[in-house]
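# Pasting the sequence and the predicted model now:
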Amino acid sequence: MFRIFSLLIGYAFGCFQTAFIVGRLAGQIDIREHGSGNAGMTNVARVMGIKFGLIVFAADVIKAAAAFAVCSIAFGGSVSLLGRVGAAGALPGMYAGLGVIIGHNYPFYLGFKGGKGIASTCGMILALDFRAAAVCFTAALTLIGITRFVSVGSLALTALLPITLVVLGFPPETIALGCAVFLLAAIRHKSNIRRLITGSEDKFSIRKKGTE
């Protein structure tokens, strides 16, 4: 039963759609109608500037870590931000994290059109295990730095999550949740993957003002 409750609580946290809210409050725009159309940190940074992009990123990280902590405490798991939860206590938080990603990607009040869940995935990993965070974040940032494709780094981060969980000795159910996170990321990045294959993917750049 804790699995269902954790998913629902996580979904509620995820529905706090930071990019949409920042776009409305700071730019009087629907961020989904500008740039790439994605309600996430990268598009906010491109359209509104790096300051607002970082605000969105931080808030999306925090909401996932907070949901992880709430459900871990409520359902007998464990939480240690920037620490190490341990294999035995990870499940409530992992289900909550998955719920946050789903809520972020598919917020019901925005017609189920949200972001891609990468910042929220970062928050979940931070709350789970600092070793997994170190591996996944380093790989993602390195690839983004080399290629300037945020999508490449994002997919690498999520693909490495279940692999890292296997290496760290987490149980099969936790690893399966890591695979689900990667699957969600792959689904939300379908158009990016197509553009990467055809060589038409845009490299990351920041615009100073909210222009197309």
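Looks like it came in fine. Every value quoted in this text rests on a predicted model; they were computed, and no experiment measured them.

# Report the separation between Asp60 and Leu161.
Distance of Asp60 to Leu161, given as Cβ to Cβ, to the nearest Å: 16 Å. Using the backbone N, CA and C atoms, a C-beta is placed for each residue, glycine as well.

# in stretch 17-24, what counts as buried?
Buried residues in stretch 17-24, counted by 16 or more other Cβ atoms under 10 Å: 17-20, 22-23.

# Stretch 139-147: which residues count as buried?
139-140, 143-144, 147.

# what's the closest non-adjacent residue to the residue nearest in space to the middle of the chain?
Centroid check for the chain by Cα atoms, centre = their mean gives Ile118 as the closest residue, at 2.5 Å. With sequence-adjacent residues excluded and distances taken as Cβ to Cβ, 6 or more residues apart in numbering, Ile118 is closest to Ser154, at 4.5 Å.

# Which SSE is immediately downstream of the helix or strand that that neighbour is a member of?
Taking DSSP states H and E as the definition, one finds Ser154 inside helix 150-167. Per DSSP H and E, the first helix or strand lying C-terminal to helix 150-167 is helix 172-188.

# and that next one, what's its mean pLDDT?
For helix 172-188, the mean per-residue pLDDT is 96.

# now for it, which elements pack on it?
Secondary-structure packing of helix 172-188 (3 or more Cβ pairs under 8 Å, 6 or more residues apart in numbering; DSSP states H and E): helix 91-105, helix 118-128, helix 150-167.

# how far is the first one from where the chain is centred?
Spelled out, it's helix 91-105. Distance, stretch centre to chain centre, for helix 91-105: 10 Å (Cα atoms, centre = their mean, to the nearest Å).

# Restricted to strands, list the buried residues of stretch 17-24.
With strands defined by DSSP state E, no entry of the buried residues of stretch 17-24 lies inside them.
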